[in-house]
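1. next comes the sequence, and after it the predicted model I'd like to discuss.
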Amino acid sequence: MAKTRQLLLLRHAKSSWDDAALPDFDRPLAQRGEKSAPMMGAEIAGRGWLPDLVLVSPALRTLQTWQLASAAWPRPLPPADFPHGLYEASAHAVLAEAQAAPASVRTLLVVGHNPGLEDFAREVAGPGSDGQALRSMTEKFPTAALARFEFEGAWDGLQFGSARLTHFLKPRDLG
């Protein structure tokens, strides 16, 4: 029987544009992002969606999102990897990173950026996806939003259109 896998896609929280001279890669979170990241992390934990592996873009705002989201999670934290390819990644690059997850991983969390993360989410959503979640996600994938997918089989078998979007959560939805 095929193993059910869970894929979580978390867009980085709201970043700051206060310092125009700062390179994009080095932009930190804004105050709003510092509030929404822990809220989304608490929601992930509260729903029992804790990952076995986390892939995080190495940009400062994604690193800070990961640190704040996981701050209240049980220790030890799951292993995290910081592939440079997730920074400014295309939908195909995000797919390749997910497909490379080890077979032992049941739940994978990817913390990344738009437009690649949103494009990937739209492309990977297939038959059986929750209609309301899909409509909300395709309308807008805001900062600190979380998309949860399920699919059957191995990570290397994940393809566009092969996963079911089950939930799409935005910080605004959580209060």
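-> Okay, I see it. Note that the structure is a prediction, hence the values are computed from the model and not measured.
2. show me which residues of the worst-scoring helix or strand of the chain on mean pLDDT are buried.
-> Using mean pLDDT, DSSP states H and E, the weakest-scoring helix or strand in the chain turns out to be helix 171-174, at a mean of 90. Residues of helix 171-174 classed as buried: residue 171 (neighbour count, 16 or more other C-beta atoms under 10 Å). The way it works is simple: take the backbone N, C-alpha and C, and place the C-beta from them, glycine included.
3. quick one: contacts of it?
-> Residues from elsewhere that reach helix 171-174 (C-beta atoms under 8 Å, 6 or more residues apart in numbering): 13, 36, 39, 40, 43, 142, 143, 144, 145.
4. I figured residue 68 was touching residue 14, is that so?
-> No: contact criterion C-beta atoms under 8 Å: residue 68 and residue 14 do not qualify, at 11.7 Å.
5. give me the common contacts of those two.
-> Common contacts of residue 68 and residue 14 (C-beta under 8 Å, 6+ apart): residue 29.
6. closest one of the contacts of helix 171-174 to residue 120?
-> Nearest to residue 120 among those is residue 145, at 13.2 Å by C-beta to C-beta.
7. skipping adjacent residues, who's closest to the closest one in space?
-> Nearest residue to residue 145, sequence neighbours excluded (C-beta to C-beta, 6 or more residues apart in numbering): residue 170, at 4.8 Å.
8. burial of the one you found, as a residue count?
-> Neighbourhood size, residue 170 [other C-beta atoms under 10 Å]: 18.
9. check contacts around it.
-> By C-beta under 8 Å, 6+ apart, the contact set of residue 170 is 136, 142, 144, 145.
10. widest-spaced pair of these?
-> The largest separation in the contacts of residue 170, counting by C-beta to C-beta, is between 136 and 144 at 14.2 Å.
11. those two: which has the busier surroundings?
-> The neighbour count for residue 136 versus residue 144, taken as other C-beta under 10 Å, is higher for residue 144 (27 against 19).
12. helices of this protein, residue ranges please.
-> With helices called from DSSP state H, the chain shows them at 31-46, 60-69, 91-99, 116-124, 131-139, 171-174.
13. of all those helices, which lies closest to residue 154?
-> Nearest to residue 154 among the helices of the chain is helix 91-99 (8.8 Å), distances taken as C-beta to C-beta.
14. now the angle from that closest one to helix 116-124?
-> Between helix 91-99 and helix 116-124, the angle comes out at 80 degrees (axes from the mean of the first three to the mean of the last three C-alpha atoms, to 10 degrees).
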